[in-house]
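In: Build me a model from this:
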Amino acid sequence: MCIRDRFIELYEEPLEELIKISSVLTGTNFGNKVEFCSLISARTGKCSQDCKYCAQSSHYRTDIETHPLVSKEEVRKTAEDARKNGASRFAIVTSGKNPEESDFDSILEMIGEVNAVEGLKSCASIGLLDKHEAAALKEAGLKRFHHNINTCKSYYPSICTTHTYKDRIRTIELVKEQGLELCCGVILGMGESREQRIEMGMELAEISPNSIPLNFLYPIKGTPFESYIDKIDEEEILKTIAIFRIMMPDISLRYTGGRLLRLSKTGMAKGLDAGVDAVLIGNMLTTIGISPEEDKKMLKETGRELLV
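Out: You can find the predicted model right below:
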């Protein structure tokens, strides 16, 4: 039996048995510390890409409010607030396939504003990059770049046709060539099979990012995936977290979008046992998140401490 098939078979194990294994691996590599991060949607909407899950695509009619690039002063204030709420990382996030040429210099200045906040590390998620943009981000002092694969290579054509999985991998390679840290994750619940979730895990293991954001599809009205509420349930999410931890014992697994919709409070706490060691706090890009106070309460109730 190949390794892939062995990982697929783990889905047949009882959840609690998987967590017994994965919790030991999490404790060994991360102790009882949980990292908080936060973000600002620095430019929202009007994206040329047709990602079927995304409220920001100009291909679909959704109810989101769009806005151009915010000021560096707004980024600084939001970053300072995030730090007060316990975040040790802060991401500048913009919509679009690539960074807008007219915005790029401003984004470089924003990185400096984030780095100026004591105890806060800068992150950016600004789309596909070329070699010169990756180098400029490094020169500006960026600590970590965020660029998801979103799903596995075999399923990618089912979620997007305006760019390819290979395009995303090329940006990931450029980021790593510059010596930047990498945050690279997935969205679960987009109709993928268990086998394809294992493919995601194996592809992420090969990429070997510093952190893996775990998003759970939040079906947005007006997108092709608006009815995909039943494509994954809480137990399946928790099993996938545990299996990912078993596959990648020392890579950070981070709660990001969709957990408020997809997981109960008990399920969120159990996800920490399953393998999550980091949490995106506050609101997401286009959806409401969980308050930092609630996440701090979850840490306390599960015997964990905030990584500061």
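In: Need the CA coordinates for stretch 78-90. CSV is fine.
Out: The C-alpha trace of stretch 78-90 is given here as CSV (Å, rounded to 0.1, in the frame of the first residue of the first chain):
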residue,chain,number,x,y,z
THR,A,78,-5.3,48.7,12.3
ALA,A,79,-1.9,47.0,12.9
GLU,A,80,-1.6,48.7,16.3
ASP,A,81,-5.1,47.6,17.3
ALA,A,82,-4.2,44.0,16.2
ARG,A,83,-1.1,44.0,18.4
LYS,A,84,-3.2,45.2,21.4
ASN,A,85,-5.5,42.3,20.8
GLY,A,86,-2.6,39.8,21.0
ALA,A,87,-1.6,39.4,17.3
SER,A,88,2.1,38.9,16.6
ARG,A,89,1.7,38.9,12.8
PHE,A,90,-0.3,41.3,10.6
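In: which residues sit against that stretch?
Out: Applying C-beta atoms under 8 Å, 6 or more residues apart in numbering, the contact partners of stretch 78-90 are 35-40, 113-114, 117-123, 143-144, 281-282, 292, 296, 306-308. Quick note: C-beta positions are derived from backbone N, CA and C, even for glycine.
In: Show me the strands in the stretch 151-300 of the chain, by range?
Out: 181-183, 186-188, 211-216, 252-255, 278-280 (DSSP state E, counting those that start in this stretch).
In: Could you give me the buried positions within the strand or helix carrying residue 5?
Out: According to DSSP states H and E, residue 5 maps onto helix 3-9. By neighbour count on 16 or more other C-beta atoms under 10 Å, the buried set for helix 3-9 is 7, 8.
In: what comes into contact with that helix?
Out: 1, 194, 195, 198, 199, 201, 202, 243, 246, 247.
In: switch the cut-off to 10 Å
Out: With contacts defined as C-beta atoms under 10 Å, 6 or more residues apart in numbering, helix 3-9 is touched by 1-2, 193-195, 197-199, 201-202, 243-244, 246-247.
In: Which positions within the very next helix or strand once past it qualify as buried?
Out: Scanning forward in sequence from helix 3-9 by DSSP H and E, the next helix or strand is helix 15-30. Neighbour-count burial for helix 15-30, with 16+ other C-beta under 10 Å as criterion, is recorded at 15, 18, 19, 21, 22, 23, 25, 26, 30.
In: List the buried residues in stretch 259-270.
Out: 259, 260, 262, 263, 267, 268, 269, 270.
In: ugh, wrong one, I meant stretch 293-308
Out: In stretch 293-308, counting by 16+ other C-beta under 10 Å, buried: 295, 296, 298, 299, 304, 306, 307.
In: In this structure the last one contacts residue 35, no?
Out: Yes - the pair residue 307 and residue 35 passes the contact test of C-beta atoms under 10 Å, sitting 4.4 Å apart.
In: Name the residues contacting each of the two.
Out: With C-beta under 10 Å, 6+ apart, residue 307 and residue 35 have common neighbours 86, 88, 277, 278.
In: Can you select the buried ones from those in ChimeraX?
Out: A single ChimeraX command is used to select the members of the shared contacts of residue 307 and residue 35 judged buried by 16+ other C-beta under 10 Å:
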select :86,88,277,278
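In: of all the shared contacts of residue 307 and residue 35, which comes closest to residue 228?
Out: The closest of the shared contacts of residue 307 and residue 35 to residue 228 turns out to be residue 278 (C-beta to C-beta; 25.6 Å).
In: Now do residue 5 against residue 195, distance only.
Out: 9 Å (C-beta to C-beta, to the nearest Å).
In: Residue 87 too?
Out: From residue 87 to residue 195 the distance is 36 Å (C-beta to C-beta).
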